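1. Could you work out the structure for the sequence below:
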Amino acid sequence: MAEHIGDRLRRLRRLAGLTQEELAERAGLSVDVLRRLEQKRKHSARLPSLHALARGLGVEVTALMGDPPAVASHEGGDPPQLVAVRRAIMPPLFAPPAEPPAGSVPALASLKEQLAHGWTLYHSAEFDRLMDGLPGMVAHARLLASAGTADQRGAGNAALGKALQLGGHLAIRLGKTDLALASLERAHAAAGASSDPLLVPMVANSVAWAYQRQNRLDDASALAVHAADGVERHRIRTAEELRVWGGLIMSAATSAARSGDYTRADEMMTTAEKATARLAHLPPASDGRMVSVFSRSSVRIERVRLAVQHGHPAQALELARGMRLSKDIPPSWRTWLLLDVARAHTDLGNAEGAVKTLESLRRIAPSWMRHHTLAVAIVTDLWNGPRRPEGLRPLADFLGVTTRHPGTGPRAAGHSAPAA
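-> Residues are numbered from 1 along each chain as shown. Predicted coordinates for the structure are as follows:
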């Protein structure tokens with residue numbers, strides 16, 4: 001059974017030797033927020049509040065968020081699939097790359113297709129399948145990066161950088177931020193030796209995301225801005241360059257928002273959204289799966305998320321209303337949008353609207369829904385509200401909320417109270 005955020009907060013606060021009042025002062029939050037969380041009268045907190053609490057406790061924000069709900073807990077250590085990924089990312093020091101089987105020659109084109117498919121698996125939350133194939137991709141790329149002409153090694157290092165970047169993203173999703181940074185540091189080194197000038201800033205964006213998860217928001221923002229300036233300094237002429245630059249601006253805005261500066265974040269997001277108009281006048285990226293997710297749709301999705309996290313649910317719904325998602329938006333981003341819309345409905349007391357949105361999410365992306373702690377938090381809030389709308393129980397059963405909180409709250413259908 002997943003640990004409630006209130007239990008984690010109480011345990012971490014006591015380990016830090018802090019009273020509720022002392023932690024509230026350090027975090028700049030009301031002590032009532034802490035009390036409601038620790039007493040389990042509140043089942044979730046907005047990301048800026050989580051970051052503030054993490055700063056006050058001196059821990060990573062992931063320590064408060066807990067493991068994703070669909071990631072199995074292994075008290076005896078990592079599962080074999082993850083062990084294989086870890087070994088692929090961090091091979092023995094000073095060991096030469098493994099030789100391929102006799103008669104086989106790694107083909108760069110084949111590896112590129114494997115990596116593109118790997119990103120598709122990642123965006124579809126098919127993490128088990130991705131873990132099965134990723135070690136071979138990394139080993140294959142490492143071999144290509146170590147042999148052949150200078151041009152061949154440059155192309156091999158580009159493939160290695162992208163394979164290790166994918167490993168970093170996977171590790172973040174599995175709650176393994178230290179492994180993620182180890183993979184991304186190696187990805188950055190490979191990118192620097194590669195033939196792809198955009199790979200370094202792309203990996204930098206991934207590192208900024210890992211820093212966000214570790215509550216290093218200033219580091220994340222500075223890194224994203226520095227990398228974006230580097231892309232812009234050489235003039236943006238292609239869709240790939242614009243998408244990488246835009247993704248970095250969005251990342252910097254997210255860090256600013258989580259630091260509590262919603263005004264600056266919204267200004268940066270507005271700038272990014274205006275820049276997406278240029279994409280219509282540029283040839284499309286050759287393979288969007290391998291480049292930053294940046295379009296008018298992705299920027300608007302992120303703006304909805306920031307509005308929800310900063311207590312502006314009505315603005316979030318207005319931003320989401322009538323939105324037409326571009327075909328290149330991956331399932332993971334569609335998931336975030338629907339979750340944030342459901343959260344906004346919940347905050348406004350519209351439990352029926354929240355349930356209908358969550359039902360849509362379950363239909364189109366059940367795997368991703370089970371990988372989001374926010375989905376569990378929303379359904380838990382609705383389940384423990386004063387009234388339960390029709391359709392809530394199947395969602396609660398699907399996410400295991402009924403086993404975590406059996407028999408609590410009333411059973412009549414209707415509106416739930418807005419979240420605090």
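
2. what about residue 295, distance to residue 3?
-> Counting by CB to CB, to the nearest Å, the gap from residue 295 to residue 3 is 37 Å. (C-beta placed from N, C-alpha, C; glycine too.)

3. Apologies, that question was intended for residue 381.
-> For residue 381, the distance to residue 3 - CB to CB - is 17 Å.

4. more neighbours, the two?
-> Comparing residue 381 with residue 3 by other CB atoms under 10 Å, the one with more neighbours is residue 381, at 23 against 12.

5. how distant is stretch 383-394 from the center of its chain?
-> 28 Å (CA atoms, centre = their mean, to the nearest Å).

6. What residues sit buried inside that stretch?
-> 383-385, 387-389, 391-392 (16 or more other CB atoms under 10 Å).

7. now for those residues, which pair is the farthest apart?
-> 384 and 391 (16.5 Å; CB to CB).

8. and residue 175, which of the three is it?
-> The local conformation at residue 175, judged by DSSP: H, G, I helix; E, B strand; the rest coil, is coil.

9. Cross-check the contact I'm expecting between it and residue 62.
-> Yes: assessed by CB atoms under 8 Å, residue 175 is found in contact with residue 62 at 5.9 Å.

10. Between those two, which contacts overlap?
-> Residues within reach of residue 175 and of residue 62 at once, by CB atoms under 8 Å, 6 or more residues apart in numbering: there are none.

11. Provide a list of residue ranges in this structure with pLDDT below threshold.
-> For the chain, applying pLDDT under 70 flags the ranges 1-2, 66-77, 97-106, 286-291, 403-420.

12. In space, not sequence, find me the middle residue of it.
-> The chain has residue 173 as the residue nearest its centroid, 6.6 Å off, counting by CA atoms, centre = their mean.

13. Is it correct that that one is in contact with residue 127?
-> Yes: with contact defined as CB under 8 Å, residue 173 reaches residue 127; the gap is 6.6 Å.

14. Now do the shared contacts for the two.
-> residue 371.

15. Would you mind putting the buried residues of stretch 383-394 into a markdown table with secondary structure alongside?
-> Output for these, formatted as a markdown table (three-state DSSP):
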| residue | secondary structure |
| --- | --- |
| 383 | helix |
| 384 | coil |
| 385 | coil |
| 387 | coil |
| 388 | coil |
| 389 | coil |
| 391 | coil |
| 392 | helix |
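
16. would you turn these into JSON lines with distance to residue 235?
-> Putting the buried residues of stretch 383-394 into JSON lines (distance: CB to CB, whole Å) gives the following:
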{"residue": "383", "distance to residue 235": "53"}
{"residue": "384", "distance to residue 235": "54"}
{"residue": "385", "distance to residue 235": "53"}
{"residue": "387", "distance to residue 235": "57"}
{"residue": "388", "distance to residue 235": "56"}
{"residue": "389", "distance to residue 235": "53"}
{"residue": "391", "distance to residue 235": "52"}
{"residue": "392", "distance to residue 235": "53"}
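
17. Can you tell me the SS state at residue 283?
-> coil.

18. and the gap between it and residue 298?
-> Distance from residue 283 to residue 298, by CB to CB: 19 Å.

19. okay, those two: which has more neighbours?
-> residue 298 (26 against 9).

20. give me the element the more buried one is part of.
-> helix 296-309 (DSSP states H and E).

21. Show residues contacting that helix.
-> 46-48, 246, 250, 253-254, 257-258, 262, 265-266, 269, 272-273, 276-277, 279, 313, 315-316, 319-320, 323-326, 329, 333, 336-337, 340-341, 343-344, 347.

22. Sitting in helices, which of those do you find?
-> 47-48, 246, 250, 253-254, 257-258, 262, 265-266, 269, 272-273, 313, 315-316, 319-320, 333, 336-337, 340-341, 343-344, 347 (DSSP state H).

23. ChimeraX command for the buried members of those?
-> Buried subset of these, written as a ChimeraX selection, criterion 16+ other CB under 10 Å:
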select :47,48,246,250,253,254,257,258,262,265,266,269,272,273,313,315,316,319,320,333,336,337,340,341,343,344,347
